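Engineer: I'd like to go over a predicted model; first the sequence, then the structure.
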Amino acid sequence: MVWIAIAAALCSAFCLAFGAHFQSQAVRSAVGGLDLTIKNVGKLASNKRWTSGLGLMGLGMALNVFALASAPLTVVQPIGAIALVITAMVNAKETDLTMNRPTVVAIISCMIGSVGFVLLAVTVTNGNQSVSEAEAHLIEMILAVVVGIVGLATIFFHKKLGAFFYILSAGVLFGFVAVLVRTIAIAVLGLGDSSFMQLPWLAGLAVVVAGLLGSYFVQKAYSKGPPDLVIAGLTVIDPIVGIAIGIGILGELRPDVPMVVTVLMLVAAILAIVGVTALSRHHPDVIERRNQTEAGKIMPESK
């Protein structure tokens, strides 16, 4: 069963990588080089490349869920980081971009940091604890604050926000979604003869809102940066946030955690986030966009 899970995780990595690449290319062509907005997002629905990417992304997520349910986290989670490498290689080949040294270092930093954080977290956390109603409500309240902050920032500062903001926000939102989906799954499995009214419907609503907003942010990130950055956010920020919620709110941290492991987890998390930040600043695609923007500002002034 473990080998089947590994195969599913590998297929998931390929699906996520190519799905992100297809959607990124479709977003750029559909909006004609403009910023993605609510008004022109409808154009994506009729784009076959975008819908194909959406299908691959959905299949990749489903395969990853199956893999996580069929094998230990220590076996499955690190495989997901392969998607970042595949995406970077495919995007570089399709767009004729040469990967510079800072980008390569940033990708390595993302992979080492995220994989290291997950593997360390598995050794010091207890994932079998149930989620109490009070804990679920606390998570939902924090998520509501996060949604409010990123939503208002998008409304008032959308012209100044770059790809990093959108993918960081999407990663945080999807981290909350993963925890709440787990909460709902636990409630459904333990329902028995109880009424469906006892299910955490508020958590379900929170998943829908955060999931839709996170998906929109992913599309915004496609229009402002390379698909490598999107995959980095989904494979780095998402699990770190999910594990942090499990440790900080759900009390999944074991009481006998050595100080050295705590320090190493912090270092791994910082390494991963620094990698994503560096990717958002030094990727050739980002540099090219920045140069085009600066050139566009200079030319009118010279006239």
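Structural biologist: Now that the structure is in, tell me what you want to look at.
Engineer: Surely residue 160 forms part of a strand?
Structural biologist: No. Counting by DSSP: H, G, I helix; E, B strand; the rest coil, residue 160 falls outside a strand, being coil.
Engineer: Helix or strand next in line after the top helix by length along the chain, which one?
Structural biologist: The residue-count maximum for a helix in the chain (DSSP state H) belongs to helix 2-30. Where DSSP states H and E defines the elements, the next helix or strand beyond helix 2-30 is helix 48-70.
Engineer: which secondary structure elements does that following helix contact?
Structural biologist: helix 2-30, helix 73-76 (3 or more CB pairs under 8 Å, 6 or more residues apart in numbering; DSSP states H and E). Any C-beta I mention is one placed from the backbone N, CA and C, and that applies to glycine too.
Engineer: Nearest approach to residue 141 belongs to which of these?
Structural biologist: helix 73-76 (27.1 Å; CB to CB).
Engineer: centroid residue for the protein?
Structural biologist: Relative to the mean C-alpha position of the chain, the nearest C-alpha, by CA atoms, centre = their mean, is the one of residue 234, at 1.9 Å.
Engineer: what's the pLDDT at the residue nearest to residue 121 when sequence neighbours are not counted?
Structural biologist: Spatial nearest neighbour of residue 121, chain neighbours left out: residue 243 (4.7 Å); criterion: CB to CB, 6 or more residues apart in numbering. Among the per-residue scores, residue 243 shows a pLDDT of 79.
Engineer: what about residue 243, neighbour count?
Structural biologist: Close neighbours of residue 243, defined as other CB atoms under 10 Å, add up to 26.
Engineer: Was I right to think it contacts residue 117?
Structural biologist: Yes. Between residue 243 and residue 117 there is a contact under CB atoms under 8 Å: 7.2 Å.
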